[in-house]
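Peer 1: no sequence for this one, just the structure:
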């Protein structure tokens, strides 16, 4: 069981919304937050529907939420399918592959070799090195043999322990190209757990919504939506709809809380906020 990867988040007296932490940023927390929003994006769902045309292992994957169940049924088949799609040009497939392997990458992080001896930044640098190494690996690597999961794990381990890297050389936050990340997504430095806590306190979502979002998008477990739906007495379709609505309310709540106060008409313009999200 991995420990929590969510970075601490502070609040200020002037704003009740989570703000950037003064502690070193936590890449894995940011990736989990990004994934939560990515799963609710129609553009991502539309692309996922095309994957089954060429990849039999993804035939029952209708959206990103279905990947965990498909991965459990045919782990190597799903990983190989995503690897193939990524190398054919799908950065979304690469991002999905990263998410499925994230638990293992977290475990690998402590083995990464990085330059410098600054303890304050060492954890961040190792995480960045691990993720960047994995993304570099899946860009060209074609495993030989059946155990794709183990091959990706071991080759990443081999690379991160063999070469020292400088943090400034690693584009770790750039795991998707510009076309795949909405310009107006919430700030990645806000941890998902802090964001959900704020949303419950402000009655943007309720406790059940928070629990469902955490289990569906954030926990490093292979629990699929059908299992979660059965536990709460809902159909998978109803659960999908509830998750979609909860994440939509979360986006709108963050956007509304970050709106600037009214300004005179001659003001130069509204403050741009990274928490305003693209319309669904």
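Peer 2: Ah, there it is. Everything numeric here is computed off the predicted structure, so don't read it as measured data. Residues are numbered from 1 along each chain as shown.
Peer 1: could you use CA atoms for every contact and neighbour count after this?
Peer 2: Will do.
Peer 1: could you chop this protein up by domain?
Peer 2: Following automatic domain parsing, one finds the domains of the chain at 42-178, 192-257.
Peer 1: what is whichever strand or helix holds residue 249 packed up against?
Peer 2: Mapping residue 249 onto the secondary structure by DSSP states H and E places it in helix 236-257. In terms of contacts (3 or more Cα pairs under 8 Å, 6 or more residues apart in numbering; DSSP states H and E), helix 236-257 is packed against helix 207-213, helix 225-231.
Peer 1: on contacts alone, who are the packing partners of the last one?
Peer 2: Meaning helix 225-231. helix 236-257.
Peer 1: list the buried ones in the helix it packs on?
Peer 2: Within helix 236-257, the residues that qualify as buried are 236, 239-240, 242-244, 246-248, 250-255, counting by 16 or more other Cα atoms under 10 Å.
Peer 1: same thing with stretch 129-143?
Peer 2: For stretch 129-143, burial by neighbour count (16+ other Cα under 10 Å) applies to 129-135, 138-139, 143.
Peer 1: before we move on, what about stretch 33-51?
Peer 2: With burial defined by 16+ other Cα under 10 Å, the residues of stretch 33-51 counted as buried are 33-41, 44-45, 48-49, 51.
Peer 1: mind checking the pLDDT average for that stretch?
Peer 2: What stretch 33-51 shows for mean pLDDT is 89.
Peer 1: same thing with stretch 148-156?
Peer 2: For stretch 148-156, the mean pLDDT works out to 89.
Peer 1: re the thing from before, any chance of a markdown table for the buried residues of stretch 33-51, columns distance to residue 27 and secondary structure?
Peer 2: As requested, the buried residues of stretch 33-51 are exported to a markdown table (distance: Cα to Cα, whole Å; DSSP: H, G, I helix; E, B strand; the rest coil):
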| residue | distance to residue 27 | secondary structure |
| --- | --- | --- |
| 33 | 10 | helix |
| 34 | 10 | helix |
| 35 | 12 | helix |
| 36 | 14 | helix |
| 37 | 16 | helix |
| 38 | 16 | helix |
| 39 | 18 | helix |
| 40 | 21 | coil |
| 41 | 21 | coil |
| 44 | 22 | helix |
| 45 | 24 | helix |
| 48 | 25 | helix |
| 49 | 29 | helix |
| 51 | 28 | helix |
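Peer 1: doesn't residue 143 lie inside a helix?
Peer 2: No - going by DSSP: H, G, I helix; E, B strand; the rest coil, the assignment for residue 143 is coil, not a helix.
Peer 1: give me phi/psi at it?
Peer 2: Phi and psi for residue 143, reported as degrees, to the nearest 10, are phi -70, psi 140.
Peer 1: so is the nearest residue to it once chain neighbours are set aside in a helix, a strand, or just coil?
Peer 2: Closest residue in space to residue 143, ignoring its immediate chain neighbours: residue 151 at 6.6 Å, by Cα to Cα, 6 or more residues apart in numbering. Assigned with three-state DSSP, residue 151 falls in the helix class.
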